[in-house]
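*Asks:* show me the folded form of this:
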Amino acid sequence: MMRISDTVKHLIIINVIMFIGTMFIGGNLFSNLFTMYFPKNEAFQPWQIITHMFMHGSLIHIALNMFGLWMFGSPVEQALGSKRFLFIYFSAGLGALALQLGEYYFRFLPSFNELITSGISEAEILKSLSSGVPPTGVSTLQFNQLEDIFQIYNTGMVGASGCLMGIIAAFGMMNPNAELMLIFLPIPVKAKYFIPGILIIETILGLSGQSIFGGVNIAHFAHVGGAITGAIIMWYWKKTQFNKNRWN
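*Replies:* Here you go, the predicted model:
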């Protein structure tokens, strides 16, 4: 069995501790404090930009992410060192968040601005989104617009998936001929084809609002953002900072 690297081990421990916290500390207080909320939501706090990377919504969620972190993170850390590994890890997490929030805002702002133009104040809109109760006298169109942005406003983002996708992308660029397999498609695929394939699948799922596993509120664009960020960083390092012979 492959030895787990030190930084990966510490990250897994932190994630497990945070997951235990969500189950046993203050009902939903712990979860609400560290989950990443849409910035217009009153529950949003700046530290959530980082802390959401250590939060998970279910046992299967954290189990899959930590398994992937061990499998791909350990060889990446052993090759790059802990500092560069952590740089990719957190940069990918931030890249994942940026792309997912960008997609949320792309869907949120048109309806939000149209509601303001139609005569509903920003304060009334936000109060309605928080309470789930539409303002008195709204039209059917206004009600539908509120409904369209309600989920975005109230959805919390959690998970290390974006970080993990960046690490997987880095692994793939270091080991392009390594054969990888998807859980739902147990066919070996070389990393140089696997990573672009995952990006295409995640983009299609994000645009369609569907999930292979039938789940809801899966941040597909976060996965895309994490992978792209990890790939860009590795491309830059490979081109400018490392001995080229190391990558042959």
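
*Asks:* in the longest helix along the chain, what counts as buried?
*Replies:* Determined from DSSP state H, the single longest helix within the chain is helix 82-117. The neighbour-count check on helix 82-117 (16 or more other CB atoms under 10 Å) flags 84-86, 88-101, 103-104, 108, 111-112, 115 as buried. Heads up, the C-betas are built off the backbone N, CA and C, glycines and all.

*Asks:* before we move on, what about stretch 22-42?
*Replies:* 22, 30-31, 33-38, 40-41.

*Asks:* and which of the residues you listed is nearest residue 131?
*Replies:* Proximity of the buried residues of stretch 22-42 to residue 131, judged by CB to CB, is greatest for residue 41, which lies at 12.4 Å.

*Asks:* shouldn't that closest one be in contact with residue 152?
*Replies:* No. Using CB atoms under 8 Å, residue 41 is not in contact with residue 152; the gap is 9.3 Å.

*Asks:* buried stuff in the host helix or strand of residue 61?
*Replies:* Assigned by DSSP states H and E, residue 61 falls within helix 59-68. Across helix 59-68, burial judged by 16+ other CB under 10 Å covers 61-62, 64-66, 68.

*Asks:* helix or strand next in line after that helix, which one?
*Replies:* helix 74-80.

*Asks:* check the offset of that following helix from the chain's centre.
*Replies:* The chain centroid and the centroid of helix 74-80 are separated by 22 Å under CA atoms, centre = their mean, to the nearest Å.

*Asks:* just the CA trace of that helix, in CSV.
*Replies:* The C-alpha trace of helix 74-80 is given here as CSV (Å, rounded to 0.1, in the frame of the first residue of the first chain):
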residue,chain,number,x,y,z
SER,A,74,0.6,11.6,-1.7
PRO,A,75,2.5,11.1,-5.0
VAL,A,76,2.0,14.7,-5.9
GLU,A,77,3.4,15.9,-2.5
GLN,A,78,6.3,13.4,-2.8
ALA,A,79,7.2,14.8,-6.2
LEU,A,80,6.7,18.5,-5.5
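
*Asks:* what stretches of this protein score poorly on pLDDT?
*Replies:* Within the chain, the stretches with pLDDT under 70 are 1-2, 27, 181-186, 208-217, 241-248.

*Asks:* ok, now with 80
*Replies:* Where the chain drops to pLDDT under 80, the residues are 1-2, 26-27, 178-189, 191-195, 197-199, 201-203, 205-219, 240-248.

*Asks:* quick one, strands of it?
*Replies:* Taking DSSP state E, the strands of the chain run over residues 36-37, 156-157, 179-182, 185-190.

*Asks:* could you dump these to JSON lines with distance to residue 203?
*Replies:* Below are those laid out as JSON lines (distance: least, CB to CB, whole Å):
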{"stretch": "strand 36-37", "distance to residue 203": "21"}
{"stretch": "strand 156-157", "distance to residue 203": "18"}
{"stretch": "strand 179-182", "distance to residue 203": "16"}
{"stretch": "strand 185-190", "distance to residue 203": "17"}
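
*Asks:* out of those strands, which comes closest to residue 136?
*Replies:* Closest to residue 136 of the strands of the chain is strand 36-37 (CB to CB; 26.5 Å).

*Asks:* ok, now which ones touch the nearest residue to residue 34 once chain neighbours are set aside?
*Replies:* Among residues not flanking residue 34 along the chain, residue 51 sits closest, at 3.9 Å (CB to CB, 6 or more residues apart in numbering). Applying CB atoms under 8 Å, 6 or more residues apart in numbering, we find residue 51 in contact with 18, 33-36.
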